[in-house]
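A.B. asks: A predicted structure for the sequence below; I have some questions about it.
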Amino acid sequence: MSLVELLLKHGDKEDLSQGQSADSEDGHVPSVDDHLQTTGAEVFCRFQKRINNLDKELRNFANSARQLGSSVAILSSTFHLRERLAQLLYLYHENAARLFPRMVSRADSVNVFDPSFLEVRRKHWKRIKFKGSPHVARPMISEKLEMEQFPHYFEALAKDVTTFLHCLNEFPEFTDEAVNISIMSFEGDLKYWSSCLQEYRGQFRHSAVQRYIHDLSSELGEHIDNITAALSMFVEVGVPTIRFAQKHGAMNLLNLSTIATFFSAVTATCLQYSFNSLDSSIAHSVNGFWFASLVFSIAAAVNSLLGLTWKQAMYRSPGHRVPWWVLIWIKRSPLVFLVISNACFSIGLCCFTYSSGQHYVTSTITTVFTAFTSFGLVAVSTWFASERWAFQQHEGKKWLSDILIDAKDRILQIPPLQYLASGMKFVKFHCTKFLNYMRHIRYRASDLLPTHVDRKNAASSTKTPPCMVEVPATPTDTMNPLFRATTDIRTSRPAPLSRNFSMPNLRDLQTEESTAPRSPKELWDRAFSGVLSRPSLSQMGLATAASSNKRASLRQLTASSNLSFGPGDRRYGNSEENSQAMLKSRITALISDIKPLEVTQDLAAHEALVRHLQFSPDGKYLATSSWDKTTTILRVGEPFVIHRIIAHSTAQGLVGQVAWSPCGKFLLTRLSRGIKIWSALDGSCNMIDRPATVQAVAWFPRGEDFISIEGNSVTKMNICGNVIGTYHFGNMKLQDVAVSTDSKHLLGVGPLLESPTGLQPSKSRAEKRLAVFNMEANQIESMTPVLDDVKHVTLASTRHGLIALVSYDCTAPQVWMLESFHRDGDQPVTRLTLKNTYLSKTPAQFTGPSYFGGKNNEVVLSADKAGVIHIWDQEAGVLLHRIQTQSYGGNLTCMAWSASDSFMLATGTHDGSVRIWTSNTDRSDGSFMPRSTSPTPFLDIDLSEAATLRISPARSGSDMFPSYTY
């Protein structure tokens, strides 16, 4: 419940006493600061939960990866990544504890730096040097962490996630694109944030920088969620796939080892029959080949076991980090040795048949069969090798069969072979044609032969089924038997099918068959009764049940962050009661002035969308700009009257902004590539062309100079259009700039085009900045990072000093205090400190610039996309009132608050109307100017004919602009 609810009981219906009676018994209500504290603590808790979920997935991944070969690298990178995440979480915990001390406690003492822990950790690493990375539930913080190290830890985390990704991709058996994309995106954003935060060294204890780092937790959380989901899927799919591939390779080596061992035993057995035969050269050849076969088979078995051990080793290097000859020896040598052993044994066997004096038939058969099996072995081996060559040559785009087909086509393109192929096609075509002709003649001959069927014998030997209807004899009986069978099928009628929902009783099949309906009417009655007999939804018991949940309100006793609540603090006594009483009194007075605001005049000032509004400094005139290429100056009064209409040529574009000078003597109209300065004294116009797009314009306090915001620079000019100075804001794309009251500083807002090292965010939002520029030193004094899309800024003086009202796109406006401080003993530096964030009761998407209003800038106004104008107290941040503009028709496009003492508000709509909101409820009947169907007649002036426009003399000396007489 906000302070307005305390005062007025849900907005506008009860008085102060009723509002107080609705509060809790102790009389305390949550303030805006309490809400921000609670919201910030919830954001940190969500971030902490995300970090814990990622740590859990990394722990599960490490457990699964221990079963894989060459997993020591991924285990080490996983542990270091978990350790880095723990350090980052500790820093975020400390940051949240400083920002929200009443909601977030300091980090646990277990994470506090202990010098003795380093020695313990060093001994621990020596103990586990040959056992893999430690497996603990949560890595502990082993070093002293400082808030100034945020950029370093972002950069270190980027390196750790990159190392983890490289180790993950070293498993060639499986590549997960989801993990790669999420980690690479995370790495890019981490490097971008680290580069941007380097410019805030020495300011990480400043609340504005801490709040920006806290806001980054939402961007970090999205990346962490993506990586967590991708890792979970990798553990479920990727790890089993890698394990299967490694097990498959190990099984191949194990099979090779088994076969080689068996083959060596066979060779050794055969050698017992030949090693004594030394009487001929053939016998010597037999022994030589069989001894060689035995050597190669033993080598194949041993190398297979070596490769099997290497594949299953946790500490082996990845394949791309092993010398090529080692990799070839481990992977290829067992199979090559086994093939050589087989060839030697086969040759020796053939020679043995001749050396042992076997019959020539036996020797011949053995030689032929050995040659045949060897040819198959060589052919298949050649095919395997060719397939691998084809894959490497064409990168998997062509199979070996496709390559062979292409080769065959190229060979057939040779002229002699081409003629031979054409001749073969010709012969094949005519042979096929002749065979078809002979087949056709045979079919015609069979049709002409007489067909005789004995009907009596057929009727006596076969019985007509009861479901078939006999057809009288017709001349068609002499037709083909195939046609007669088709006729019987057409004339048959199947028995009707049962339509009941339950299974039919077998005992009732004959009864049901005998009572089956025959006529169409009986069939229709049976179907209709079956539909009626179906159970209804109510009989089936389908019903809906509703349950109501009651929400209980939980109210915490909190207080403002700048108050002390110790037992010895006396400020909680009369001084606080007096300040609360003064605050309530002031807010009550503001509500009484703002609540009666209503539309008192509806002016048809334009024929198209109203782009911008602004009252003159003395509140006597209202300047409007529209997409109908006109600028209208209205004289404030009862009623408002059109004082002057300025028409712009088509070539000059639309007017995006009007700006009165502080003295009220000049009016700026901003075009897309130029600025017009209108004089209120003589009505003259000075057109200033600019080389770049003009984003916004603003006056200096004295009203003699103004600035033009163009890209990342600000140009200072006088009313004659002469450039006085140019101020560059570096890599910022300026959206708006305001001038301080002492004309020494500029406050520029906008997004960062790129980081200081030229980086761009990969997925997250770009950093936005509020930069304070010192025009005397021609440099940026201080920068404040924000994450939301900042659009506008307005400076105002209050009794507490100079404040800046910053407007964002879709988020609540904020007020920042400009404070001076000394940095490292140098000259005083101006920086921004957040004072208030203006929240709404319900979620709202704010749009457009926010404004100061009331006397001495005591209220803040901002509109949302639904057309609701929110009005807050500037100091307390309390929502005072909401104006529903959509009830009057038209979509709200802009608004302006009168600088006079009275409470007056002007709003523009998309249909060209300008509505005046005042608190004067006792106006006379003639004071209200109703909405007309068309604007008041005015003069369109073509500025292409004359650069300077002269106006007729003013009606009275008090008039600021000479009036045009209709």
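C.D. replies: All right, it came through fine.
A.B. asks: Domain parsing of this protein, as residue ranges.
C.D. replies: Using automatic domain parsing, the domain parsing of the chain gives 32-246, 250-410, 593-684+845-966, 690-809+811-841.
A.B. asks: Based on its surroundings, how many neighbours for Leu412?
C.D. replies: 12 (other C-beta atoms under 10 Å). Yep, even glycine has a C-beta here, placed from its N, CA and C like the rest.
A.B. asks: so who does the most centrally placed residue in the chain touch?
C.D. replies: What sits nearest the mean C-alpha location of the chain, by C-alpha atoms, centre = their mean, is Lys763, with 6.7 Å. By C-beta atoms under 8 Å, 6 or more residues apart in numbering, the contact set of Lys763 is 185, 188-189, 222-223.
A.B. asks: same check, this time on Gln657
C.D. replies: Contacts of Gln657 (C-beta under 8 Å, 6+ apart): 611-612, 625, 668-670, 696-697.
A.B. asks: Who are the contact partners of Trp232?
C.D. replies: Slight slip there: residue 232 is Ser, not Trp. Glu57.
A.B. asks: buried stuff in the helix or strand it falls within?
C.D. replies: Taking DSSP states H and E as the definition, Ser232 sits inside helix 207-233. By neighbour count on 16 or more other C-beta atoms under 10 Å, the buried set for helix 207-233 is 208-217, 219-224, 226-231.
A.B. asks: so what's Ala86 closest to, chain neighbours aside?
C.D. replies: Pro139 (4.7 Å; C-beta to C-beta, 6 or more residues apart in numbering).
A.B. asks: The one you found contacts Leu81, doesn't it?
C.D. replies: No. Using C-beta atoms under 8 Å, Pro139 makes no contact with Leu81, being 9.5 Å away.
A.B. asks: neighbour-wise, which of these two wins?
C.D. replies: Leu81 (23 against 17).
A.B. asks: Looks like that one contacts Val161 (just checking).
C.D. replies: Yes. Look at Leu81 against Val161 with C-beta under 8 Å: they come within range, at 6.5 Å.
A.B. asks: follow-up on the earlier one: which among the domains of the chain is found nearest to Gln418?
C.D. replies: domain 250-410 (10.7 Å; C-beta to C-beta).
A.B. asks: Any idea how far apart the tips of that closest one sit?
C.D. replies: 42 Å (C-alpha to C-alpha, to the nearest Å).
A.B. asks: how far is it from where the chain is centred?
C.D. replies: Centroid displacement of domain 250-410 relative to its chain, using C-alpha atoms, centre = their mean, to the nearest Å, is 55 Å.
A.B. asks: which regions of the stretch 401-550 of the chain sit below the pLDDT cut-off?
C.D. replies: Applying pLDDT under 70 to the stretch 401-550 of the chain flags the ranges 447-550.
A.B. asks: mind checking pLDDT for the residue nearest to Ala86?
C.D. replies: With respect to pLDDT, Pro139 scores 71.
A.B. asks: With His643 instead?
C.D. replies: pLDDT, His643: 88.
A.B. asks: hang on, the earlier thing: ok so the residue nearest to the centre of the chain is a helix residue?
C.D. replies: No. Using DSSP: H, G, I helix; E, B strand; the rest coil, the assignment for Lys763 is coil, not a helix.
A.B. asks: quick one: it from Leu190, how far?
C.D. replies: Going from Lys763 to Leu190 by C-beta to C-beta, to the nearest Å gives 11 Å.
A.B. asks: Find the nearest non-adjacent residue to Ala73, please.
C.D. replies: Nearest to Ala73 is Cys167, by C-beta to C-beta, 6+ apart, at 4.4 Å.
A.B. asks: and that neighbour, what does it touch?
C.D. replies: Neighbours of Cys167 in contact, by C-beta under 8 Å, 6+ apart: 73-74, 76-77.
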